[in-house]
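Colleague: Okay, predicted coordinates and the sequence, questions at the end:
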Amino acid sequence: MKKLSRRDFVKKTGIFLGSTALGGFPSIVKASNKPVRIGVIFPFSGAAAKTGDDMWRGLIIAVEEINNAGGIRSLDGSKIELIKADHEGKPERE
């Protein structure tokens, strides 16, 4: 058997540890399965309230379709949660 040099030992150990870390990383991420929270700021009051309500309803439909289909596949089925905020139709609040 060929004697392993120090340089080869360090390289092979580094490759092993690196591949182990990268191989275990996706399973750590997938194990979380936490909901994905998405914040939206629409005009729910003021002159543009109708537009904000329409946009909100459209988002609700899209999120329900995604969640009912099993959630976000690339995040191991994580569901989407929407968080809404009102900017009252004022440009300074957007």
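Modeller: Structure received.

Colleague: and residue 47, what does it touch?
Modeller: Counting by C-beta atoms under 8 Å, 6 or more residues apart in numbering, residue 47 touches residue 89. For glycine as for every other residue, the C-beta is placed from the backbone atoms N, C-alpha and C.

Colleague: likewise residue 59?
Modeller: So residue 59 contacts 40, 82 (C-beta under 8 Å, 6+ apart).

Colleague: doesn't it fall inside a strand?
Modeller: No: Residue 59 is assigned helix when assessed by DSSP: H, G, I helix; E, B strand; the rest coil, not a strand.

Colleague: and it, how far is that from residue 3?
Modeller: Distance, residue 59 to residue 3, by C-beta to C-beta, to the nearest Å: 65 Å.

Colleague: same question, residue 44
Modeller: 73 Å.

Colleague: Break the protein down into its structural domains.
Modeller: Domains of the chain are assigned by automatic domain parsing as 1-32, 33-94.

Colleague: Mean pLDDT lowest where, among those?
Modeller: Across the domains of the chain, domain 1-32 has the smallest mean pLDDT, namely a mean of 60.

Colleague: In terms of packing, which of residue 44 and residue 3 has more residues around it?
Modeller: Counted by other C-beta atoms under 10 Å, residue 44 and residue 3 do not tie: residue 44 has more neighbours, with 20 against 5.

Colleague: For the helix or strand containing residue 54, list every residue counted as buried.
Modeller: For residue 54, the host element (DSSP states H and E) is helix 49-68. Buried residues in helix 49-68, counted by 16 or more other C-beta atoms under 10 Å: 52, 55, 59, 63, 67.
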